[in-house]
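Undergrad: Provide a 3D model corresponding to the input given below.
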Amino acid sequence: MKVRGTASALSLIALSTVLSSTAQLVFRFVMQHYELFSTAAILPGLSTADLLLLLAGIALYAISMLAWVFVLSRFDVSFAYPLMSISYLLVFLGAVKLPFFNEALSSSKLVAIVLIVAGVAMLSYDEKTSARKKLDNYRANR
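TA: Purely as a prediction, here's the structure:
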């Protein structure tokens, strides 16, 4: 899979972030019914549907990591990793908005998420030019 241009590389960051966030929500959905701490004790007690969902979450997470490997071949980790923290926002929104989680929205959580998003924006803003230059250098040196 060849990444051509900044938009394609940024879409891989988005893909990795969305898949990772979805996997976390799937894990939570499955595990909210189980109180045992040890994974070894939980797996034998999982229903077939829960086991399939858990495996789907693991698959989503694995695909997310493959996309992430491509991202790291195109961007500095100091640029890409802060963007991955957008998953905090996605997981938070999923946990609050999806009816089967029933998680409460509090003002302190909302302020924390706003601070995370603001921090990501600040970290990535100055790096956008260097990310574009890195991609241009990559294409020029192939």
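Undergrad: where does Gly96 fall, secondary structure wise?
TA: For residue 96 the amino acid is Val, not Gly. According to DSSP states H and E, Val96 maps onto helix 86-97.
Undergrad: on the three-state scheme, Glu103 is what?
TA: coil (DSSP: H, G, I helix; E, B strand; the rest coil).
Undergrad: number of nearby residues for it?
TA: 13 (other Cβ atoms under 10 Å). Glycine gets a C-beta too; all of them are placed from N, C-alpha and C.
Undergrad: so who does it touch?
TA: Contacts for Glu103 (Cβ atoms under 8 Å, 6 or more residues apart in numbering) come out as Ala95, Val96.
Undergrad: from Leu25, how far out is it?
TA: 11 Å (Cβ to Cβ, to the nearest Å).
Undergrad: lowest mean pLDDT among the helices and strands of this structure, which one is it?
TA: The helix or strand of the chain with the poorest confidence is helix 39-42; it has a mean of 57 (mean pLDDT, DSSP states H and E).
Undergrad: what about the residue nearest the centre of the chain, which helix or strand?
TA: The residue lying closest to the centre of the chain (Cα atoms, centre = their mean) is Thr17, at 2.9 Å. According to DSSP H and E, Thr17 maps onto helix 6-31.
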